[in-house]
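# Make a model of this:
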Amino acid sequence: MALQTERIPAPRRRLGDRLAVLGEREFRWFFLGYTTSLIGSSMAPVAVAFAVLDGGGSGTDLGWVMAARILPVVLVLLAGGVITDRFGSRRSMLGSDVLRGLVQALFAALLAVGHAPVWAMTALVAAWGVGEGLFMPAFGAIVPDLVRRKELAADANTLLGLSRSVSTVVGPAAAGLVTATWGPAVVLLADAVTYGIGVIALAGLRLPRRAAVAAGGGSMVRELRAGWSEFASRPWLWITTAQMGLFNLLVWAPFLVLGPLTAQRDLGGARAWGLVMGVYGAGAVLGGLLMLGRLPARPLAVASVAALGWALPSGALAAGAALPWVAAGALVAGGGSAVCGTLYSTTTQKWVPAELLGRLTAFGVFGSFALGPLGLAVAGPLAGRWGADTVLLLGAVWQLAAGAVVLAVPAVRQRRWEEGPDS
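Numbering: from 1, shown residues only. Predicted coordinates for the structure are as follows:
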């Protein structure tokens, strides 16, 4: 199957034209604050993981702590989508950043004084997850309001994806070094500060009026039912969401839990794991640069092919490969993640009406994350029963098989960019 690429017209191929979206005042202000807070956020998971392990926690303890972060995201997402459509993205994001900043400051204080048992860490990351559940639907809906020139929306999503990618290079590598040198409390305090910077940036935005008024007068349950009906009527949306949900259960959750354990056992500890995740981010940067100024004619097909790369780092760990090979797999996976993220965000914003965007984004993220807590919770026990290598290998094989199945679905393989928006 040939995956044709629809290139942006020649004048926009110049780097300056591809960065023209930074000339949009609201996007530029949001981009700076978002990138700063992302750097802190990408440091925090490394610090949390080694706060648990260095405190004597087991792989099962780590899995429960990580699951406690994701489960509240799942529980809050749908309400977050309705809140976004009713009251606007900025208000939801402001509340989220304030909450998450306070949580990380408290977490850092507990670690600094030496009173952070596993139950306390679990409670704190759960509160962190509540903030993320409010943030995600709002983030998915805010981009159309940040750019006046709608032809720049794809580049806006690409640059936001690049900021995420850069943060995953800088954040984990810095977190590994800082955690090994000064401890995880310093990392979490830095994260709290970056959330504060994000709050300042959001407070300075001037968004269109429709982003700050109620989306409708019905009850939350009625609006959720209407949103579900719209979500279920779009096969391209729910099929890719189901794929991501199973990916998080079978591939990514085991990788996040068993990866640090394998790094601690075989690869050199926190520095090695920080390097792997940093290289993953470097791959995402390269993937984002590749996408800047380009739109595939069949975006979902290209995204599905790119997602196959996520099998490589898990496969490398399962094979007992040396650190350079694990890092190489992470590089390819990172590139695929950038391509997928940009294309899924841009197509959803193009093909979904603005008044539904918060709720349908929430359903998409909910489906993607719903099984993640289960995967995080059971990865450690399953590895104890069958071995970490077996669990990681099963995830890698699943990713390749699932990608082939999704590509065989016409609603994904044949859907063309110019077909949107949906009615």
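# Give the other helices and strands that the host helix or strand of Gly63 contacts.
Taking DSSP states H and E as the criterion, Gly63 maps to helix 59-87. Secondary-structure packing of helix 59-87 (3 or more C-beta pairs under 8 Å, 6 or more residues apart in numbering; DSSP states H and E): helix 25-54, helix 89-113, helix 118-146, helix 220-232, helix 253-262, helix 357-369, helix 372-386. All C-beta spots, glycine's among them, are computed from the backbone N, C-alpha and C.
# could you dump these to CSV with mean pLDDT?
Output for those, formatted as CSV (pLDDT from 0 to 100):
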stretch, mean pLDDT
helix 25-54, 84
helix 89-113, 89
helix 118-146, 85
helix 220-232, 79
helix 253-262, 86
helix 357-369, 80
helix 372-386, 82
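# Among those helices, which comes closest to Ala174?
Closest of these to Ala174 is helix 25-54, at 6.0 Å (criterion: C-beta to C-beta).
# and that closest one with helix 118-146, angle?
Compare the direction of helix 25-54 with that of helix 118-146 by axes from the mean of the first three to the mean of the last three C-alpha atoms, to 10 degrees and you get 160 degrees.
# Identify each buried residue in helix 25-54, please.
Residues 26-27, 29-54 are the ones in helix 25-54 that count as buried (16 or more other C-beta atoms under 10 Å).
# list the helices and strands it packs on?
helix 59-87, helix 89-113, helix 118-146, helix 153-182, helix 184-203, helix 253-262, helix 270-291.
# so which of these is the most packed in?
Among those, helix 253-262 has the highest mean neighbour count (mean count of other C-beta atoms under 10 Å), at a mean of 25.
# just checking, what packs against it?
Using 3+ C-beta pairs under 8 Å, 6+ apart: helix 253-262 touches helix 25-54, helix 59-87, helix 270-291, helix 311-318, helix 372-386, helix 388-407.
# strands paired with the helix or strand that contains Leu295, and their directions?
According to DSSP H and E, Leu295 maps onto strand 294-296. As defined by DSSP bridges, the strand partners of strand 294-296 come to strand 5-7 (antiparallel).
# mean confidence score for the partner strand?
Average pLDDT, strand 5-7: 42.
# what is the mean pLDDT for the helix holding Gly63?
79.
# Would you mind getting the angle between that helix and helix 372-386?
Using the same axes, to 10 degrees, helix 59-87 lies at 170 degrees relative to helix 372-386.
# so who does the nearest residue to Val199 once chain neighbours are set aside touch?
Once flanking residues are discounted, Val199 sits nearest to Asp97: 4.8 Å by C-beta to C-beta, 6 or more residues apart in numbering. Residues in contact with Asp97, defined by C-beta atoms under 8 Å, 6 or more residues apart in numbering, are Ser37, Gly131, Phe135, Tyr195, Gly196, Gly198, Val199, Leu202.
# ok, those vs Ala156, which is closest?
Distances from Ala156 to the contacts of Asp97, taken by C-beta to C-beta, are shortest for Leu202, at 16.2 Å.
# Okay, that closest one and Asp97: tell me how far apart.
7 Å (C-beta to C-beta, to the nearest Å).
# Over to Ser229?
From Ser229 to Asp97 the distance is 32 Å (C-beta to C-beta).
# Kindly report the same for Ala311.
Computed with C-beta to C-beta, the distance linking Ala311 and Asp97 is 34 Å.
# remind me which residues of the stretch 151-300 of the chain are low pLDDT?
151-154, 168, 208-218 (pLDDT under 70).
# which residue sits closest to Arg206, ignoring its sequence neighbours?
Glu26 (6.3 Å).
# residues touching Thr262, list them.
Leu317, Ala388.
# got it, and the one 5 residues further on?
The neighbourhood of Leu267, defined by C-beta under 8 Å, 6+ apart, consists of Trp273, Val276, Leu323, Val326.
# rerun that using 6 Å as the cut-off
The contact partners of Leu267, by C-beta atoms under 6 Å, 6 or more residues apart in numbering, come to Leu323.
# and what of the one 5 residues further on?
By C-beta under 6 Å, 6+ apart, Ala272 lies in contact with Ala263, Leu323.
# same question, Asp389
Contacts of Asp389 by C-beta under 6 Å, 6+ apart are Ala318.
# related to what we said a few turns ago, any chance of the helices and strands packed on helix 253-262 in JSON lines, plus distance to Val352?
Listed next are the helices and strands packed on helix 253-262 as JSON lines, based on distance: least, C-beta to C-beta, whole Å:
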{"stretch": "helix 25-54", "distance to Val352": "20"}
{"stretch": "helix 59-87", "distance to Val352": "12"}
{"stretch": "helix 270-291", "distance to Val352": "20"}
{"stretch": "helix 311-318", "distance to Val352": "29"}
{"stretch": "helix 372-386", "distance to Val352": "23"}
{"stretch": "helix 388-407", "distance to Val352": "20"}
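# Tell me which of these lies nearest to Val125.
helix 59-87 (4.1 Å).
# what's the angle between the closest one and helix 89-113?
Using the same axes, to 10 degrees, helix 59-87 lies at 150 degrees relative to helix 89-113.
# mind checking which of the helices and strands packed on helix 253-262 is nearest Gly176?
Per C-beta to C-beta, nearest to Gly176 of the helices and strands packed on helix 253-262: helix 270-291, 2.2 Å.
# quick one, that closest one and helix 311-318 angle?
Using the same axes, to 10 degrees, helix 270-291 lies at 160 degrees relative to helix 311-318.
# tell me how far helix 270-291 is from the chain's mean position?
How far helix 270-291 lies from its chain's middle: 14 Å, per C-alpha atoms, centre = their mean, to the nearest Å.
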